[in-house]
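Peer 1: 3D model of this:
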Amino acid sequence: MHADTKCSLSSESEYVELAVEVFSMLADATRVRIILALRDQELSVNSLADIVDKSAPAVSQHLAKLRLARIVSTRHEGTKVFYRLTDEHARQLVADAIFQAQHTLTNDPAHHRSEHPGPEDLR
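Peer 2: The predicted structure is shown next:
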């Protein structure tokens with residue numbers, strides 16, 4: 001059974017406004033980079049800051065917003081906090097957005113070619 005048959009995807013769905021809030025949360029390049037960094041692993045704020053080339057306090061603020069939106073969750077190990085994606089949906093949304101962006105630049109995007117990663121490789 002497909003996921004879209006388990007919940008209402010009609011234009012009258014009660015989830016439309018919440019979906020807009022999710023898109024709003026992802027409408028930030030740093031947050032998209034954080035999600036990409038977390039797609040296969042959990043990381044500390046400092047590790048994420050290095051990966052996304054932002055200060056740790058800035059990354060921490062983005063993570064707080066993502067946490068409030070339940071896009072990321074945490075695990076504590078001593079005094080260190082590790083972040084991970086709560087589920088696969090944010091990863092898939094970001095992957096699909098990047099693939100859509102590739103379509104705006106070319107008629108033959110990399111994800112359609114077998115030698116390049118496809119959506120299943122970003123999971």
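Peer 1: Could you give the separation of the helix or strand of the chain with the lowest mean pLDDT from the chain centroid?
Peer 2: Least confident helix or strand, the chain: helix 89-105 with a mean of 89, by mean pLDDT, DSSP states H and E. Counting by Cα atoms, centre = their mean, to the nearest Å, helix 89-105 is centred 10 Å from the centre of its parent chain.
Peer 1: tell me what that helix is packed against?
Peer 2: helix 29-37 (3 or more Cβ pairs under 8 Å, 6 or more residues apart in numbering; DSSP states H and E). Bear in mind the C-beta positions are built from the backbone N, C-alpha and C, glycine included.
Peer 1: Now do the helix it packs on against helix 89-105, angle only.
Peer 2: Using axes from the mean of the first three to the mean of the last three Cα atoms, to 10 degrees, the direction of helix 29-37 lies 110 degrees away from that of helix 89-105.
Peer 1: Quick one: low-confidence residue ranges for the chain.
Peer 2: Residue ranges of the chain with pLDDT under 70: 1-7, 109, 112-123.
Peer 1: Break down this structure into its strands, ranges please.
Peer 2: Along the chain, the stretches classed as strands by DSSP state E are 43-44, 72-77, 80-85.
Peer 1: got those strands as a markdown table, with distance to L66 and mean neighbour count columns?
Peer 2: Formatted as a markdown table, these follow (distance: least, Cβ to Cβ, whole Å; neighbours: other Cβ atoms under 10 Å):
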| stretch | distance to L66 | mean neighbour count |
| --- | --- | --- |
| strand 43-44 | 13 | 16 |
| strand 72-77 | 4 | 13 |
| strand 80-85 | 8 | 17 |
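Peer 1: if we compare those strands, which one ends up closest to L9?
Peer 2: L9 lies closest to strand 80-85 among the strands of the chain, at 22.4 Å (Cβ to Cβ).
Peer 1: could you give the angle of that closest one to helix 29-37?
Peer 2: Strand 80-85 runs at 90 degrees relative to helix 29-37, counting by the same axes, to 10 degrees.
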